[in-house]
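Novice: here's a sequence, model it:
(2 chains)
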Protein chains: 2
Amino acid sequence: MLGRLVADATRLGRMTVRAGVVVTGTEVLTGAVSDRNGPWVAERLLALGVDIAHITVCGDRPDDLTAQLRFLADQGLDLIITTGGLGPTADDLTVATVAAFAGRELVVDPELEEHIAAIVDGWNRRAGRSPAPGPLSAGVRKQALVPAGATSIPPTGTAPGVAIPAVDGAPSGPLPAILILPGPPRELQSMWETALSVAPIAAAIAGRAVLRHETIRAYGLSEADLAETLRTAERSLPQFDALEVTTCLRLGELEMVTRFPQTADAVYSDLVDLIEAAHGPQIFSVDGSTIDDQLAEALAGQLIGTAESCTGGLVAARLTDRAGSSAYVAGGVVSYANEVKSGLLDVPGAMIDAHGAVSEPVAQAMAEGALRRLGVDVAISTTGIAGPGGGSDQKPVGTVCFGFARTGRPTTTMTRRFPGDRASVRALATTAALHLVVGGLRRD
Amino acid sequence: MLGRLVADATRLGRMTVRAGVVVTGTEVLTGAVSDRNGPWVAERLLALGVDIAHITVCGDRPDDLTAQLRFLADQGLDLIITTGGLGPTADDLTVATVAAFAGRELVVDPELEEHIAAIVDGWNRRAGRSPAPGPLSAGVRKQALVPAGATSIPPTGTAPGVAIPAVDGAPSGPLPAILILPGPPRELQSMWETALSVAPIAAAIAGRAVLRHETIRAYGLSEADLAETLRTAERSLPQFDALEVTTCLRLGELEMVTRFPQTADAVYSDLVDLIEAAHGPQIFSVDGSTIDDQLAEALAGQLIGTAESCTGGLVAARLTDRAGSSAYVAGGVVSYANEVKSGLLDVPGAMIDAHGAVSEPVAQAMAEGALRRLGVDVAISTTGIAGPGGGSDQKPVGTVCFGFARTGRPTTTMTRRFPGDRASVRALATTAALHLVVGGLRRD
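Specialist: This next block holds a predicted model:
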């Protein structure tokens, strides 16, 4: 990708523990649902100083899963983590397949069996059900099967995790440690800390490097321009190679994550100085805070409200996404129809007729109307053309006008043009609205 | 996963063409961004009747990419598709790595070089830049390098695609056809049709099966209950094995996708009958339509408005997500603070004091207030406790009250309790609101 610059961690020889992740599930492989476990596990491992070499996705076919396990084991990894395929039904095959791959018998863990039976009983009691005991207790027994010599990790749903120790001289070469975790993200995440602490896994990641990772966020900066600055840094900073830099665009913001050992603290600090010198106005965060965090802080007790047209509620939804936001978000008006702009936000019909609903005067009137009607200190408005229809030569699809109003101060407005389809325009306009608020609050 | 039932397509021997996908990009591997290309490509291939065996994700390391290509080639696939790593900078290594893997020299395609140079020139002219010619023209030349004997696919950004024909007797065994596509989803998607039509790829997928795929959607049905019905179907429908069934939960809805050859039309129709007989009240769609589609249709020209508290704008955002929704969405009020519930929706303060903001009387008053204030025919309200704080014994986190109001008819209310964290409660409540509207509109 244009301007992405990633130093090769393996080449640098800092990360000595490498892991692979196998995501199982036909619904993931076929694109029906997008995988949330692979990225989550990868982020956690990286934060621990464990390098991710490969992620593989396979369906519920034992042969394909075995092939992927063989592939990962052949890459000389220290740890393989599998997610999914631990349910009670016959097509949930991960434990049996991994056990066969690792050359271990499956044995029932009686304590685990009792534990899972108690959980299922509780569910049924609460649901007022008394299901036929046959298939269910078969399901419970299936989930209590653990490869011989492995450590089980207590379930938070009904599916326990399994940790299999690494083996130096397995029949076909050494095998890495294998950690088997369930597919439902909530279950996997709540078992994570325990999973890392059990002996086979703790041993596998014992040699990891301890790394800092820091995030810089920019708005209105292109990847290409940042890449140019990074190339300059590469030439001018002697220890630059100790930094592993990844940049990516997220909802209109450019995010740069850097991982480095403690010994490279000074060069990272030099890099931050260099980037701030080159792109100061665009850099809005060097401490990991998001624009959402900054908005909450910049309000400093003031109440905010929204007046949205083209974003249709996305700005309000984003503001209220944060736990505790009821302390500073009063609410908002989604004024999709012109009648609602006039009726609930006091935008004069004549103004809409004269300038069009997508115009800075209307954006200003919407924000000021929200200020009064919602009884807030700060208001942000959006009105634009999200597409696909409704564009014109003067106001093509992607044109969005914003208004930012505060009690007792002049209202500011701006017009931007965003690229992409309807969803893209709406998402980029939402991010822009948050930046406009933070910029406005900080101006004085 | 509990109750998922997936017939093995390979075992059935219907899908004779198998493909693998390699997603490249350190930002994907490290979890910084979630991959959109793998699922998209998988869905498109499956719709064409091409089976997906493996998806692998690797960073920008040539050795890891080579290892994954080797792995996929060894699985006897007919086609490998790679995404990403085609940019102009030095760390974009896909074409060079794949060429080396396939044993082909890189040669400049002069026509392609001219084409890309023209695109970059246009960009620079529009941006008013005249960059130093050195690094840029090196970048253009890099992107115009194509493995010898491969077919290039014209870029929609600056990165062309590349199609390498399958080889029966490569030095180390046969190699599948390889299709190299860029990483930006918009570029990849706009090049897709052309990519499938070029000779090397058309030849690779020529033997594919032509399949129908149909979707059934249910609300309020558990995966376990559907799985039980599918087990019954497996026993009672003679040709059941010809169907490949995948089920998954999405935002509170259960989705069942079935793929099958034309010859299995009758058994699929029997399966639908059987599922409707068992779960009729929960099945809301057998024709692929979403609840969003059905809401738009059920409104039949009436205007809808929203009054949201805990969902904070998500219901309005979901309604306005559809292109053309301005024809039937007037707008909404996000009444996060009680003052806004009273001020903009006429909810009496005494009612809030008496029953609490999270109560059916308040939900009813919000919906009726929205009806009047927004001048709409239909209104939906939400008020609840999204968490993590604010819960009590009587009203634990996850409790959400809804109101559904129509002009000239009695308002209906309901209370539900949703599981999970704040984001989960808000998302599930949003889906529930849409179902409440469609159910209410259809009741008479």
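Novice: test my guess that A:E276 contacts A:S285.
Specialist: No - under the criterion of Cβ atoms under 8 Å, A:E276 lies out of contact with A:S285, with a separation of 11.3 Å. Every C-beta, even on glycine, is put in place using the N, C-alpha and C of the backbone.
Novice: please say which of the two ends up with more neighbours.
Specialist: A count of neighbours by other Cβ atoms under 10 Å in any protein chain shown puts A:S285 above the other of A:E276 and A:S285, at 17 against 14.
Novice: A:V376 contacts A:L299, correct?
Specialist: No - in this structure, A:V376 is not within contact of A:L299 by Cβ under 8 Å, at 10.0 Å.
Novice: those two - which one has more neighbours?
Specialist: Neighbours per residue (other Cβ under 10 Å) separate A:V376 from A:L299, with A:V376 holding more: 25 against 18.
Novice: and the closest residue to the more buried one other than its chain neighbours, how many neighbours?
Specialist: In space, and not counting its chain neighbours, A:V376 is closest to A:G305: 3.9 Å by Cβ to Cβ, 6 or more residues apart in numbering or on different chains. The local packing of A:G305 (other Cβ under 10 Å) involves 30 other residues.
Novice: list the contacts of the helix or strand A:G305 falls within.
Specialist: Remark: A:G305 resides in strand A:304-308, with elements defined by DSSP states H and E. If you take Cβ atoms under 8 Å, 6 or more residues apart in numbering or on different chains as the criterion, strand A:304-308 is touched by A:295, A:314-316, A:319, A:328-335, A:345, A:366-367, A:369-371, A:374-382, A:403, A:433, A:437, B:313, B:334, B:340.
Novice: of these, which belong to helices?
Specialist: In this view, the contacts of strand A:304-308 that belong to helices under DSSP state H are A:295, A:314-316, A:319, A:345, A:366-367, A:369-371, A:374, A:433, A:437, B:340.
Novice: can you tell me the SS state at the nearest residue to A:I52 once chain neighbours are set aside?
Specialist: Among residues not flanking A:I52 along the chain, A:A42 sits closest, at 4.8 Å (Cβ to Cβ, 6+ apart). Each residue gets one of three states, and A:A42 gets helix by DSSP: H, G, I helix; E, B strand; the rest coil.
Novice: about what we covered before: nearest to B:D270 among the ones in helices among the contacts of strand A:304-308?
Specialist: For B:D270, the closest of these turns out to be A:L314, at 43.3 Å, with distances computed as Cβ to Cβ.
Novice: tell me which residues touch the closest one, please.
Specialist: Taking Cβ under 8 Å, 6+ apart as the definition of contact, the neighbours of A:L314 are A:E308, A:R426, A:A427, A:A429, A:T430, B:G313, B:A317.
Novice: re earlier: the residue nearest to A:I52 - how many residues pack around it?
Specialist: For A:A42, the neighbour count with other Cβ under 10 Å is 23.
Novice: gap between it and A:I178?
Specialist: According to Cβ to Cβ, to the nearest Å, A:A42 stands 17 Å off from A:I178.
Novice: swap in A:L374?
Specialist: Distance of A:L374 to A:I178, computed by Cβ to Cβ: 55 Å.
Novice: quick check: domain ranges of chain A?
Specialist: Listed by automatic domain parsing, the domain ranges of chain A are A:17-204, A:211-288, A:292-442.
Novice: just tell me which of these ends up closest to B:R235.
Specialist: Proximity to B:R235, assessed across the domains of chain A by Cβ to Cβ, is greatest for domain A:17-204 (13.2 Å).
Novice: kindly check the end-to-end length of that closest one for me.
Specialist: 8 Å (Cα to Cα, to the nearest Å).
Novice: element containing A:I81, please.
Specialist: Assignment of secondary structure by DSSP H and E places A:I81 within strand A:79-83.
Novice: outside of that strand, which residues touch it?
Specialist: A:17-24, A:37-38, A:41, A:50, A:65, A:69, A:72-73, A:94, A:98, A:166, A:176-183, A:188, A:201, A:204-205.
Novice: in helices, which of those residues fall?
Specialist: Using DSSP H, A:N37, A:G38, A:V41, A:L65, A:L69, A:L72, A:A73, A:T94, A:V98, A:L188, A:I201, A:A204 are the members of the contacts of strand A:79-83 that sit in helices.
Novice: helix, strand or coil for the residue of chain A most remote from its centre?
Specialist: In chain A, A:A350 marks the outermost C-alpha relative to the chain mean, sitting 44.6 Å out by Cα atoms, centre = their mean. What three-state DSSP gives for A:A350 is helix.
Novice: what's the residue found closest to A:I283 once you drop the neighbours it is linked to in the chain in contact with, if anything?
Specialist: Nearest residue to A:I283 in three dimensions, chain neighbours excluded: A:A218, at 5.1 Å (Cβ to Cβ, 6+ apart). Contact criterion Cβ under 8 Å, 6+ apart gives A:L226, A:E253, A:L254, A:E255, A:M256, A:H279, A:Q282, A:I283, A:F284 as the residues in contact with A:A218.
Novice: out of those residues, flag the one nearest to B:T247.
Specialist: Each of the contacts of A:A218 was scored against B:T247 by Cβ to Cβ, and A:E255 proved nearest at 35.2 Å.
Novice: verify the contact between that closest one and A:T247 for me.
Specialist: Yes - using Cβ under 8 Å, A:E255 is in contact with A:T247, at 6.8 Å.
Novice: those two: which is more packed in?
Specialist: Comparing A:E255 with A:T247 by other Cβ under 10 Å, the one with more neighbours is A:T247, at 24 against 19.
Novice: okay, and that one sits in which element?
Specialist: strand A:244-250.
Novice: buried stuff in that strand?
Specialist: By neighbour count, with 16 or more other Cβ atoms under 10 Å in any protein chain shown as the criterion, the buried positions of strand A:244-250 are A:E244, A:V245, A:T246, A:T247, A:C248, A:L249.
Novice: returning to that earlier point: avg pLDDT for the strand holding A:G305?
Specialist: Averaged across strand A:304-308, pLDDT comes to 98.
Novice: also stretch A:399-415?
Specialist: Across stretch A:399-415, the per-residue pLDDT values average to 97.
Novice: gap between the two ends of it?
Specialist: According to Cα to Cα, stretch A:399-415 extends 7 Å from its N-terminal end residue to its C-terminal end residue.
Novice: what of stretch A:418-427?
Specialist: 10 Å.
Novice: low-confidence ranges, chain A, go.
Specialist: With pLDDT under 70 as the threshold, chain A has low-confidence stretches at A:1-15, A:88-91, A:126-136, A:170, A:444.
Novice: how about a cut-off of 80?
Specialist: For chain A, residues meeting the criterion pLDDT under 80 lie at A:1-16, A:32-34, A:87-92, A:120-142, A:157-158, A:169-173, A:209-210, A:247-249, A:444.
Novice: and the nearest residue to A:L303 once chain neighbours are set aside, how far is that from A:T66?
Specialist: Ranked by Cβ to Cβ, 6+ apart and with sequence neighbours excluded, the top spatial neighbour of A:L303 is A:V376, at 4.3 Å. Distance, A:V376 to A:T66, by Cβ to Cβ: 60 Å.
Novice: measure A:P160 to chain B for me?
Specialist: Note on A:P160: its distance to chain B, by Cβ to the nearest Cβ, to the nearest Å, is 14 Å.
Novice: burial of that residue, as a residue count?
Specialist: When neighbours are counted by other Cβ under 10 Å, A:P160 comes out with 26.
Novice: check contacts around A:P388.
Specialist: A:V397, A:D421, A:R422, B:A323.
Novice: switch the cut-off to 7 Å
Specialist: Listed by Cβ atoms under 7 Å, 6 or more residues apart in numbering or on different chains, the contact set of A:P388 reads A:V397, A:R422, B:A323.
Novice: tell me if I'm right that the second one and B:A323 touch.
Specialist: Pointing back at A:R422 there. Yes - with contact defined as Cβ atoms under 7 Å, A:R422 reaches B:A323; the gap is 5.8 Å.
Novice: the more surrounded of the two?
Specialist: Of the pair A:R422 and B:A323, A:R422 is the one with more neighbours under other Cβ under 10 Å, namely 21 against 14.
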